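Chemist: Sharing a model that was predicted from the sequence below.
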Amino acid sequence: MGIDIRNMDRRGFLGLAGIAAAGAALTACAGTGGDAGSAAGSSSASEDASTVTFWSNHPGRSIDVEKELIRRFGEVRPDLTVQLVDGGKNYEEVAQKFNAALSGGALPDVVVLSDVWWFNYAMAGAITPLDELFTAHGVDTGDYVDSLLADYLHDGGHYALPYARSTPLFYYNKDVWTAAGLPDRGPESWQEFDEWGPRIQEVVGSGHLAHGWGNAADYLGWTFEGPIWTFGGAYSDRWDLKFTDAKTIEAGQFLRDMIHTKKYAAVSNDIANDFSAGLLASTIASTGDLSGITTNASFDFGTAFLPAAEGVPGCPTGGAGLAIPSGISDERKANALAFVEFVTNADNTAHFSQNTGYMPVRKSAVDNPDMKAFLDANPNARTAVDQLARTRSQDYARVFVPGGDQVIGTGLEKVALQNADVETTFADVQSRLQQIIDRQITPNLK
Amino acid sequence: MIAVDDRPRVLHTTTRDEEQRHRARARWVTVLGYAAMVCVLLIVALPLFWIVMTSFKERQDIYTIPVTWWPSTFHPQNYGEATRSVDLAAYFRNSLIITTVLATVKFVLGVLSAYGLVFLRFPGKNFVFLGIIAALMVPNQITVISNYALVAEWGWRNTFQGIIVPLAGVAFGTFLMRNHFLSIPAEIIEAARMDGAGHFRLLWRVVLPLSGPTMVAFALITVVNEWNEYLWPFLMADDSSVAPLPIGLTHLQNNDGVTDWGPVMAGTVLAMLPILVIFLLLQRHMIKGLTSGAVKG
């Protein structure tokens, strides 16, 4: 120690304290000086243009698959190294981490953003519209599944490319179905399921359930979106909220009745696990759960389209895409796009899809011989791919309103768990969403 | 006369009555005390028991209705699975480094700053203390964004110093130690000063030996807090080279898919053990310090 604390006099101490205080004050306000840092901070390693930093939450426990894709990319582009960064345990965490990075410096090159997150960042100008880059670097977007690509359209530009894209899927326990004397298929409509439900409940007995819904954190707002559409309702029509619409309320009432009046359904805290443990005879879960359920279920199970009449959309798209931040250099953007294009090309999306259960995002992937063989061997996976044609992009209220998913999910949860009155609950959801729209969306829209 | 004669008897019965009532009340207090203890024990121990049991359960045993309190077959393979699928050793090492450094720094800073606030004379002392208290009131989630910008600018993302330095500020410890130092009788300090003890000797030989239990409490709280710190390391760390255990544990969970809770719980138990050991070790000192202080007065 250079300072002899025992013999320090008063003046010396005060001086030292002053220096410490000045240091503290400097630290306190230095945080705001970072907004130029993304361009200026060339000292940090991630600014190195030959490294592509990829922030992922490894959706569907795909870390090994992602490493394999990165290895393949290394063969095609040996000049680039890809650094896979653990972005968090779910889409919310990776978005949060990205949000922190936007405050200055150390931006990733590629980031996984889910259906409910990309729009916020697109509106804030934090992620790049990719169309100019597509033309400049000759990326053909025509091969991407149209509906999946169109999900990222805002203000005339595409803000991400589809990656770990999923849809809800109806899973049912075939053994229970047989015992209840039901045909080996999913219900064709929610009305039909309403007849089946009590019969299934009789077979499974108390303690088990004929149907389980995910909770708000398990995206109840997503899995119930399709059912609401089949009743003719919706969360919203563009920015126009529809929660007070009679059809939407009717759908909410249906949810309430199957749980509280007919008692053959309930909200489960872990649908995928509860279903594969045989506690739920059927559930609506993400296609991303397919590989996990296949490994864990000890019984024969089937998958089906979400109940909907022919020509009526009864199933939303979902899942995550890959976006490129706007605050990085053009060279990094180009490299990032090359990586994104590569990991979502026909062969790689087929590989990713087979190992996770997410949708192949390219049209040509279905013709990939490997994928063909896989789909023939796994009819459950084929259901998910076939259902794609019958999906619809989600309502703005859930995916574009910041925090909208949780507001809707919590509202539905209230109906499902607490037997709350549908009309008042939905009205409350509507007013909360409207507030967010008025405050955060309307001023930012051109 | 009769009245005088009566009085003691009446008095006697009231005391006996009172005594009985007193004893009854004491019994009630004991019963309630035990009930409260059982209650607290259940609240604290039940989840712990559940974690430990689940870590030994096979998958089918975890998801059953009614619940099974004891695994039908012990399945220690969960521990192998947990350490295999995630590099727990690396996360463990990182946690150890981060916690050791942070706890040491915080401890030294806390003790020194509290010493300064109590035993040094300088103007504006109360303002400094107020500033520290104010810092205690700001939750660290608020400072995250500005800290992030600063640390990223320095190129400290994904480094140990990036995780450690912004967390090293200490307000709680200063507050705790200061209040304890104030309670030390002024005569002892005066006597030491008259014997010619400088600041260092005063701190080392007089103040600290009188502060055992508070110090142990402070150290324990700090270690547990740093061990469990999640948000900041999560934002800073990019991979297993610097990320601590709580982040490693989340990788055992499968988002948008099926989580296998057996290994997750096994990992949780492994992460919990070191803290449990430290707690048991320090707890003994805490009690020893308490009693020795009481005897010496």
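Modeler: Now that the structure is in, tell me what you want to look at.
Chemist: going forward, measure contacts between C-alpha atoms and count neighbours the same way
Modeler: OK.
Chemist: Which secondary structure state is assigned to whichever residue of the stretch 101-250 of chain B sits closest to chain A?
Modeler: Nearest residue of the stretch 101-250 of chain B to chain A (CA to the nearest CA) works out as B:S146 at 4.1 Å. At B:S146 the chain is in helix, as set by DSSP: H, G, I helix; E, B strand; the rest coil.
Chemist: Just the pLDDT at it, thanks.
Modeler: We note a pLDDT of 82 for B:S146 in this prediction.
Chemist: Validate this expectation: B:D239 resides in a helix.
Modeler: No. Counting by three-state DSSP, B:D239 is not found in a helix; it is coil.
Chemist: Is it in contact with A:V85, as I believe?
Modeler: Yes. The criterion here is CA atoms under 8 Å, and B:D239 meets it with A:V85 at 5.7 Å.
Chemist: Would you confirm that the residue of the stretch 101-250 of chain B closest to chain A contacts A:S103?
Modeler: Yes. The criterion here is CA under 8 Å, and B:S146 meets it with A:S103 at 7.4 Å.
Chemist: per-residue confidence for residue 8?
Modeler: This is for chain A. Here, the pLDDT recorded for A:M8 equals 46.
Chemist: ah, no, chain B please
Modeler: As predicted, B:P8 sits at a pLDDT of 49.
Chemist: go on, B:V258?
Modeler: Model confidence at B:V258, given as pLDDT, is 67.
Chemist: which of B:S146 and A:S103 has more neighbours?
Modeler: More crowded of B:S146 and A:S103, by other CA atoms under 10 Å in any protein chain shown: A:S103, with 25 against 21.
Chemist: The closest residue to the more buried one other than its chain neighbours - how many residues pack around it?
Modeler: In space, and not counting its chain neighbours, A:S103 is closest to B:A149: 5.5 Å by CA to CA, 6 or more residues apart in numbering or on different chains. B:A149 is flanked by 27 other residues according to other CA under 10 Å.
Chemist: so which strand or helix has B:A149?
Modeler: Per DSSP states H and E: B:A149 is located in helix B:140-153.
Chemist: Next, the buried residues of that helix.
Modeler: Neighbour counts using 16 or more other CA atoms under 10 Å in any protein chain shown place B:V144, B:I145, B:S146, B:N147, B:Y148, B:A149, B:L150, B:V151, B:A152, B:E153 of helix B:140-153 among the buried residues.
Chemist: For the residues you listed, could you give me CSV that also reports distance to A:I437?
Modeler: What follows is the buried residues of helix B:140-153, written out as CSV (distance: CA to CA, whole Å):
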residue, distance to A:I437
B:V144, 27
B:I145, 25
B:S146, 27
B:N147, 30
B:Y148, 29
B:A149, 29
B:L150, 32
B:V151, 34
B:A152, 32
B:E153, 34
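Chemist: can you tell me the residue of the stretch 201-350 of chain A closest to chain B?
Modeler: Using CA to the nearest CA, the single residue of the stretch 201-350 of chain A nearest to chain B is A:D289, 4.3 Å away.
Chemist: Any regions of the stretch 51-200 of chain A where pLDDT drops low?
Modeler: Residue ranges of the stretch 51-200 of chain A with pLDDT under 70: A:105.
Chemist: Give me the helices and strands touching the helix holding B:A149, please.
Modeler: The helices and strands touching helix B:140-153, judged by 3 or more CA pairs under 8 Å, 6 or more residues apart in numbering or on different chains; DSSP states H and E, are helix A:91-102, helix B:231-236.
Chemist: can you give me how far it is from the chain middle?
Modeler: When distances are taken as CA atoms, centre = their mean, to the nearest Å, helix B:140-153 is centred 25 Å away from the chain's centroid.
Chemist: Could you point out the helix or strand that follows that helix?
Modeler: As assigned by DSSP H and E, the chain's next helix or strand after helix B:140-153 is helix B:160-164.
Chemist: Kindly state the pLDDT recorded for A:S42?
Modeler: pLDDT, A:S42: 36.
Chemist: got it, and B:W261?
Modeler: For B:W261, the model assigns a pLDDT of 82.
Chemist: phi, psi of it?
Modeler: Main-chain torsions, B:W261, degrees, to the nearest 10: phi -70, psi -20.
Chemist: Counting neighbours, what do you get for it?
Modeler: Residues within reach of B:W261, counting by other CA under 10 Å, total 22.
Chemist: what does A:A320 give?
Modeler: Here the count is done by other CA under 10 Å, and A:A320 has 24 residues near it.
Chemist: Show me the beta-bridge partners of it.
Modeler: Beta bridges link A:A320 to A:S114, A:A164, judged by DSSP bridges.
Chemist: how near is it to B:P209?
Modeler: Using CA to CA, to the nearest Å, A:A320 is found at 58 Å from B:P209.
Chemist: try B:V38
Modeler: Plainly put, B:V38 is 35 Å away from B:P209 if you go by CA to CA.
Chemist: Contact distance from chain A - what residues of chain B qualify?
Modeler: Contacts of chain B with chain A, taken as CA under 8 Å from any CA of the partner chain, map to B:60, B:63-66, B:122, B:144-150, B:152-157, B:198-200, B:234-235, B:238-239, B:247, B:250-251, B:253-259.
Chemist: Can you pull up the most central residue in chain B?
Modeler: In chain B, the residue lying closest to the centroid (CA atoms, centre = their mean) is B:I221, at 2.8 Å.
Chemist: For A:P325, list the residues it contacts.
Modeler: Applying CA atoms under 8 Å, 6 or more residues apart in numbering or on different chains, we find A:P325 in contact with A:L107, A:P108, A:D109, A:V110, A:V111, A:A126, A:I127, A:T128.
Chemist: So what does the closest residue in space to it that isn't next to it in sequence have for phi and psi?
Modeler: Leaving aside its sequence neighbours, A:P325 sits nearest to A:I127 (CA to CA, 6+ apart; 4.1 Å). The phi/psi pair for A:I127 (degrees, to the nearest 10) reads phi -120, psi 150.
Chemist: Also A:M359?
Modeler: Dihedral angles of A:M359 (phi, psi; degrees, to the nearest 10) stand at phi -70, psi 140.
Chemist: for A:P313, same thing?
Modeler: With angles defined as degrees, to the nearest 10, A:P313 sits at phi -70, psi 130.
Chemist: What about it, how many residues nearby?
Modeler: By other CA under 10 Å, 20 other residues sit near A:P313.
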